[in-house]
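>>> Fold the following and give me the result.
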Amino acid sequence: MPGILVGVDGSHHSERALEWAMKEAALRHVPLTVLTVHQVPAGWLGRGTAGSPEDTSLLEGTKAAAQEQVDKVLAGLGGPHPEPVTVQAVDGVPAEALLSAAADADVVVVGARGSGGFARLRMGSVSDQVAHHAHCPVVIVPHDR
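Residues are numbered from 1 along each chain as shown. Next up is the predicted model:
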């Protein structure tokens, strides 16, 4: 997927990353892919994931939430809008899913932190993993001060 890939999880941090990615995609006239991940537990010994058919409705809900976030940011965006914007939702482990999707991206964008964990951390585990393992440039959008 050429163009810009941005990971979102519904957090304020990912909303800032989404806004940055939208502005950059519009400026550069490149496609924007918004990826959200419905996290499923790692399978036995971390091999694969343990999703179930019941997860289909959860995945659809995750995608709908990401689409709402995209619509909200687009509505508040001043200036040109990116074309096209594609929202994708996948089951998996967030860092692994982002790294896999970023294999062909020109750049991947993430917020400094996501919705989980420890508020004192400057960078979350997903952004750390993506920064260290992506095969393309990575933009980490910092949080508000």
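>>> Give me the mean pLDDT for the lengthiest helix in the chain.
Longest among the helix segments of the chain by residue count, using DSSP state H, is helix 55-76. This predicted structure assigns helix 55-76 an average pLDDT of 92.
>>> ok, and for the following helix or strand past that helix, which residues are buried?
Past helix 55-76, heading to the C-terminal end, the next element that is a helix or strand (DSSP states H and E) is strand 85-92. Buried residues in strand 85-92, counting neighbours by 16 or more other CB atoms under 10 Å, are found at 85, 87, 89-92. No exception for glycine: its C-beta is placed from N, CA and C like everyone else's.
>>> One more: stretch 125-140?
Neighbour-count burial for stretch 125-140, with 16+ other CB under 10 Å as criterion, is recorded at 126-130, 134, 138, 140.
>>> Show me the shaky parts of this protein.
Applying pLDDT under 70 to the predicted model, the residue ranges of the chain that meet it are 1, 41-55, 113-123, 145.
>>> can I see the domain layout of it?
26-38+57-92, 94-145 (automatic domain parsing).
>>> So for His12, which of these sits nearest?
Put simply, out of the domains of the chain the one that sits nearest His12 is domain 94-145, at 7.7 Å, with distance taken as CB to CB.
>>> Check the offset of the closest one from the chain's centre.
Centroid separation for domain 94-145 versus its chain: 8 Å, with CA atoms, centre = their mean, to the nearest Å.
>>> same question, stretch 72-84
17 Å.
>>> hmm, who's touching it?
Counting contacts by CB atoms under 8 Å, 6 or more residues apart in numbering, the residues outside stretch 72-84 that touch it are 15, 18-19, 22-23, 25-27, 29-32, 85.
>>> For Leu98, state which of those is nearest.
Here the nearest of those to Leu98, counting by CB to CB, is Leu18; it sits at 13.6 Å.
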